[in-house]
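Colleague: I would like the atomic coordinates for the input below:
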Amino acid sequence: MSRIIDYGNLMHRAMRGLIQEVLQDVSDHGLPGAHHFFITFDTTHPHARLAAWLRDRYPTEMTVVMQHWYDGLDVTDDGFSVTLNFGDQPEPLYIPYDAIKTFVDPSVEFGLRFETHSHADDDMDDDGDDDDPTTPSGGHKEAEVVRLDTFRK
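Modeller: Take a look at the predicted model:
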C-alpha cells in the first residue's frame, strides 16, 4: 500500500475554504461595491435545504444570486444559510459547501468550478486501497479556477 499526496482533494478543500471566508466577510460587513455572487449548487445534496416548490422546480441544480437583497446570511464550517427573494417571496436556503458546483463574482471576473467525475471513473480502481482520493461522500471530485467568459453566451 503506497501513500500519495492528494493534491486534488487538498485544492478542493482550499477553494471551499475561500468561499467560506468570502461569505463570512460579507456576513460581517455586507457586499462591497459592485460585488455579487452567482452560486450554482446541487439540489439533490442530502444536506441542502430548500422549499419543496424550489426543489420541484430545480430537481438537480439551481443557481442563486446574492446581490441586491438577501437576509440572514449565516456562515458555518459546513455551509451557509441565507434567505433570498424568489418573485417577492422570501425563502430560506441552506447550501453545504460540498453541494456548490460554481461560485462566480462577475464584478471582478472571478469564478470557481467544482467538477465531479462520473461513477465510471470510480470503477477504474476497485482494489480497496486506502490511497483512493475520494471525497467524504465517496465521489471523486476535482476543482479548477475558471474565467467568467465560460459563463457568457
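
Colleague: Show me where this structure has its strands.
Modeller: 37-42, 61-66, 70-75, 79-85, 90-96, 100-105, 110-116, 141-146 (DSSP state E).

Colleague: Go through these and name the closest to residue 8.
Modeller: strand 141-146 (4.6 Å; C-beta to C-beta). For the C-beta atoms, the positions are set from N, CA and C on the backbone; glycine is no exception.

Colleague: Mind checking which residue lies nearest the centre of the chain?
Modeller: residue 100 (1.6 Å; C-alpha atoms, centre = their mean).

Colleague: which residues sit in contact with the nearest residue to that one once chain neighbours are set aside?
Modeller: With C-beta to C-beta, 6 or more residues apart in numbering as the criterion, residue 100 has its nearest non-adjacent residue at 5.1 Å, and that residue is residue 41. The neighbours of residue 41, taking C-beta atoms under 8 Å, 6 or more residues apart in numbering as the test, are 48, 61, 62, 64, 95, 99, 100, 101.

Colleague: Name whatever forms a beta bridge with residue 41.
Modeller: Beta bridges link residue 41 to residue 62, residue 100, judged by DSSP bridges.

Colleague: follow-up on the earlier one: buried among the contacts of residue 41? Make that a ChimeraX selection.
Modeller: The following ChimeraX line selects those of those that are buried, judged by 16 or more other C-beta atoms under 10 Å:
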select :48,62,64,95,99,100,101
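
Colleague: nearest to residue 81, of the contacts of residue 41?
Modeller: residue 95 (7.7 Å).

Colleague: where does the chain have low pLDDT?
Modeller: Filtered on pLDDT under 70, the chain yields the residue ranges 1, 116-153.

Colleague: now do 80
Modeller: For the chain, applying pLDDT under 80 flags the ranges 1, 115-153.

Colleague: any idea which helix is longest in it?
Modeller: helix 7-29 (DSSP state H).

Colleague: chain center to it, what's the gap?
Modeller: Remark: helix 7-29 is offset 10 Å from the chain centroid, using C-alpha atoms, centre = their mean, to the nearest Å.
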